[in-house]
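Visitor: Quick one: sequence and predicted model below, then my questions.
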Amino acid sequence: MKRALAAALAAAALSVGTAARAQVISPPPGFPPVQPSPANKFPALSQGATIPLSEDGSRFVRIMAWSQVWLRYGELNPGSVLRGQPADSAFDFAIRRARLLVQAQASKDVMMVLHLGMNNQSAVSGGFGLGADTPKRPQLYLHDAFGQYQILENVLSVGAGLHYWGGPTRLANSTTISMMTIDVPISNWPLIDKTDQFARQLGVYVKGKIEKFDYRLAVNEPFSTPGDPGERRADYNPETRKKAVTGYFKYDFLEPEANVLPYAVGTYLGKKTVWNVGAGFYHHGDAMAYLEGGERRLADQLFLGVDTFLDLPTKSAGAFTGYLSAQYEDSGPGYVRNVGIINPSSGIAEGAAGSFNGAGNALPTMGTGVTYYGTFGWLAPWTFGRAGQLQPYAALRVSNFTALADPVIVPDLGLNWLILGHNAKITVNYRSRPVFQPAPAGSGGKPAEDTRKSEVTLQTQVYL
């Protein structure tokens with residue numbers, strides 16, 4: 001009798017276990033699928049590690065991690081110093097990005113995002129500490145930390161915190177995971193690490209989709225940042241108390257894109273047919289200050305952008321990805337900012353003339369004026385088994401800043417070796433950048449292009 005009862009209980013347990021393993025959790029609309037099991041079924045790599053917390057899939061935790069490591073050789077701007085010695089070029093290694101993102105879904109309508117990591121560490125910069133330890137122990141900091149409530153399914157969600165929802169262009173919300181180019185032009189983040197925290201600000205936002213129309217709007221409190229205004233030369237005003245307003249709107253003509261998270265895809269690698277046009281803005285009152293006849297004056301900061309994005313797979317010719325944008329920036333008279341990504345140089349040698357660009361690999365990147373940016377790439381249709389696919393691309397930035405005599409022209413040529421899509425890829429990129437020299441003292445002229453420098457970068461990316 002006991003043996004029969006035990007056998008019956010074992011059979012019942014096996015039946016329940018089999019049914020549980022066969023169950024497929026239905027995700028809430030608009031969210032990435034949560035896969036509990038059928039046997040031998042796992043989430044796609046692009047979903048990260050997804051942990052279901054309810055049978056219907058409305059509650060889950062999703063964890064994603066990625067790293068980008070650079071090996072780079074580049075010519076340095078005139079007069080640059082490398083490890084205390086004058087140098088014309090540099091060969092170095094660096095961590096461009098190392099990130100961890102957690103998406104926690106408490107219910108179908110309640111979500112939290114926590115995104116942390118570090119950026120831009122080399123053997124001479126990017127660390128946290130004092131003295132000789134400065135390049136070491138980089139600071140791990142928050143990129144995003146916001147909570148969100150869905151009010152009308154897909155149509156209206158409201159959120160608050162340190163967030164990435166805004167304008168003025170698609171690239172202002174760019175993901176760093178699926179970029180086609182080795183990097184974005186940085187001009188797409190005109191405030192980067194000034195009144196934002198690595199392209200994020202504190203505030204509240206609304207976002208949603210109505211059919212094929214996608215929108216995001218935010219009211220933010222920009223971070224306070226120091227400035228050094230000059231005569232007819234604007235810089236940041238740390239005394240402003242005004243809030244910033246920003247937004248981006250787009251229309252999807254073909255397949256709609258997801259907007260669960262704020263990050264805009266760079267290339268779908270032939271897995272989606274997308275064409276959209278968008279427009280956005282950013283406005284911050286009294287953000288800038290300058291002198292006129294020695295008297296301090298204030299100026300608003302205004303950015304406007306329009307762009308279009310195309311990702312078009314074909315049956316026999318692979319897939320084509322293209323992006324075009326025009327971005328207007330008004331940051332007050334004479335404003336221009338030089339930026340050098342993971343700058344290998346610490347300054348200009350004593351007695352050296354230097355350049356308008358400054359040390360290392362810096363170049364004029366944002367400023368009052370208009371910037372045009374475009375990319376085009378082709379995913380070759382041939383696959384090489386476990387070796388993956390190839391994707392050559394080209395990019396061009398042309399910035400017409402009012403403070404400079406010549407346009408800033410920055411071309412890029414590159415090749416992605418997609419070993420496992422975006423999850424494992426190697427990118428090699430060539431870039432040519434201009435070096436500007438100041439006009440002769442007393443001439444009243446503007447800095448003009450004098451020469452050009454080259455750099456080659458190899459990046460490895462791993463993403464899960």
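Guide: Here it is on my side, so go on.

Visitor: Rounded mean pLDDT for the helix or strand containing V435, please.
Guide: Using DSSP states H and E, V435 sits in strand 424-437. Strand 424-437 carries an average pLDDT of 98.

Visitor: Give me the buried positions along stretch 414-422.
Guide: Using 16 or more other C-beta atoms under 10 Å as the test for burial, stretch 414-422 gives G414, N416, W417, L418, I419, G421, H422. Heads up, the C-betas are built off the backbone N, CA and C, glycines and all.

Visitor: And the furthest pair within the residues you listed?
Guide: G414 and G421 (16.7 Å; C-beta to C-beta).

Visitor: Just the ones of the buried residues of stretch 414-422 in strands?
Guide: G414, N416, W417, L418, I419, G421, H422 (DSSP state E).

Visitor: Would you mind measuring from the fifth one to S80?
Guide: Put plainly, it is I419. Using C-beta to C-beta, to the nearest Å, I419 is found at 35 Å from S80.

Visitor: now swap in the last one and tell me
Guide: Using C-beta to C-beta, H422 is found at 34 Å from S80.

Visitor: cool, and the fourth one?
Guide: In this structure, L418 and S80 are separated by 35 Å, where distance is defined by C-beta to C-beta.

Visitor: try the second one
Guide: N416 sits 30 Å away from S80 when distances are taken as C-beta to C-beta.

Visitor: just K207 next, same as before
Guide: 43 Å.

Visitor: which of these two has more neighbours?
Guide: S80 (30 against 23; other C-beta atoms under 10 Å).

Visitor: Quick check: chain neighbours aside, which residue is closest to the more buried one?
Guide: S345 (4.0 Å; C-beta to C-beta, 6 or more residues apart in numbering).

Visitor: next one: L390
Guide: A380 (4.8 Å).

Visitor: I'd like to know how many residues surround that neighbour.
Guide: Neighbour number of A380 under other C-beta under 10 Å is 14.

Visitor: got it, and W382?
Guide: Neighbour tally, W382, other C-beta under 10 Å: 8.

Visitor: Run through the residues that contact it.
Guide: Q389, L390 (C-beta atoms under 8 Å, 6 or more residues apart in numbering).

Visitor: cutoff 6 Å now
Guide: Applying C-beta atoms under 6 Å, 6 or more residues apart in numbering to W382 gives no contacts.

Visitor: Shouldn't L171 be within a helix?
Guide: Yes. The assignment for L171 is a helix, going by DSSP: H, G, I helix; E, B strand; the rest coil.

Visitor: Does it touch S187 like I think?
Guide: No. Counting by C-beta atoms under 6 Å, S187 is not a contact partner of L171; they are 8.7 Å apart.

Visitor: on that earlier part again, any idea which of the buried residues of stretch 414-422 is the one closest to R216?
Guide: H422 (23.3 Å).

Visitor: nearest spatial neighbour of the closest one, skipping sequence neighbours?
Guide: S178 is the one closest to H422 (C-beta to C-beta, 6+ apart), at 4.9 Å.

Visitor: do the same with R59
Guide: L53 (3.9 Å).

Visitor: Next, that neighbour: phi, psi?
Guide: Torsion angles at L53 (phi, psi; degrees, to the nearest 10) stand at phi -120, psi 0.

Visitor: from what I can see it touches F60, true?
Guide: Yes. Under the criterion of C-beta under 6 Å, L53 makes contact with F60 at 5.4 Å.

Visitor: more neighbours, these two?
Guide: Neighbours around L53 and F60, counted as other C-beta under 10 Å, are more numerous at F60. The numbers are 22 against 14.

Visitor: give the contact list for the more buried one.
Guide: For F60, the contact set (C-beta under 6 Å, 6+ apart) comprises V34, T50, P52, L53, Q105.

Visitor: could you measure the fourth one against E153, distance?
Guide: What it means is L53. 20 Å.
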